[in-house]
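Undergrad: Turn this into a model:
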Amino acid sequence: MKLAVLRIGNVDVEAVQHVLRGLSQAFPMVVCTLSESVMPVPEEAYNQARRQYHSTRILAKMIEYVEKSNVDSVLGVTAIDLYVPSLNFVFGEAQCPGKVAIISLFRLTPEFYGHSADKQLFYERAVKEAVHEVGHTLGLGHCKNSSCVMFFSNSILDTDRKEPTFCEKCSTFVAGLVGKRDF
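TA: Okay, here's the model as predicted:
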């Protein structure tokens, strides 16, 4: 399986490199590459009243990228604030299962919460959210184990509490995909 990481808008390149390494560790059977392309932020995804971008609309634009490229799936990484109508914000969204996922770095920095900058913590959060969303593209739902990377992050505290890896149950599910998908 080939997974491309696609920058959407202006994104911290160092964070994207950490995401790539984290994905390669979490999914050793997947070829993870950085797309040379940078997708512009779709203006039609912006909601003026919320001052946020509707992530589902961005995913729809990303499908076009998958269809034009030689990859099986795409993870978009952006620095804009994302939402879905039923929630105040999302750290990311994915088709489950599907070919596209997106994460936002916007709310992952410690500075967003009034704390001092901590690049390592920021990168750890980005990797967790990336692995989580790619897990959804493979068909994994949310896990009840709060330390599993597939646990739903309702706040940054949930993201910080979970590990960047799958619990035994979710790991078994991913491993079972090896025989069913072209990894």
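Undergrad: any chance you could map the helices in the protein?
TA: 13-26, 55-68, 119-137, 156-161, 168-177 (DSSP state H).
Undergrad: will you turn the ones you listed into CSV that also has mean neighbour count?
TA: In short, each C-beta sits where N, CA and C put it, glycine included. As requested, those are exported to CSV (neighbours: other CB atoms under 10 Å):
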stretch, mean neighbour count
helix 13-26, 18
helix 55-68, 17
helix 119-137, 22
helix 156-161, 15
helix 168-177, 14
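Undergrad: between the longest strand along the chain and helix 119-137, how many degrees?
TA: Scanning the chain for the strand with the most residues, using DSSP state E, yields strand 31-39. If you take axes from the mean of the first three to the mean of the last three CA atoms, to 10 degrees, strand 31-39 sits at 100 degrees to helix 119-137.
Undergrad: Can I get stretch 19-33 as PDB, trimmed to CA atoms?
TA: Extracted C-alpha coordinates of stretch 19-33, given in PDB (Å, rounded to 0.1, in the frame of the first residue of the first chain):
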ATOM      1  CA  VAL A  19       4.400  12.700  10.800                       C
ATOM      2  CA  LEU A  20       6.000  10.700   8.000                       C
ATOM      3  CA  ARG A  21       8.400   9.000  10.400                       C
ATOM      4  CA  GLY A  22       5.600   8.200  12.800                       C
ATOM      5  CA  LEU A  23       3.400   6.700  10.100                       C
ATOM      6  CA  SER A  24       6.300   4.600   8.800                       C
ATOM      7  CA  GLN A  25       6.800   3.200  12.400                       C
ATOM      8  CA  ALA A  26       3.100   2.600  13.000                       C
ATOM      9  CA  PHE A  27       2.500   1.100   9.500                       C
ATOM     10  CA  PRO A  28       5.800  -0.600   8.600                       C
ATOM     11  CA  MET A  29       4.100  -2.400   5.700                       C
ATOM     12  CA  VAL A  30       3.000   0.900   4.100                       C
ATOM     13  CA  VAL A  31       5.200   3.000   1.800                       C
ATOM     14  CA  CYS A  32       4.800   6.500   3.200                       C
ATOM     15  CA  THR A  33       6.000   9.400   1.000                       C
END
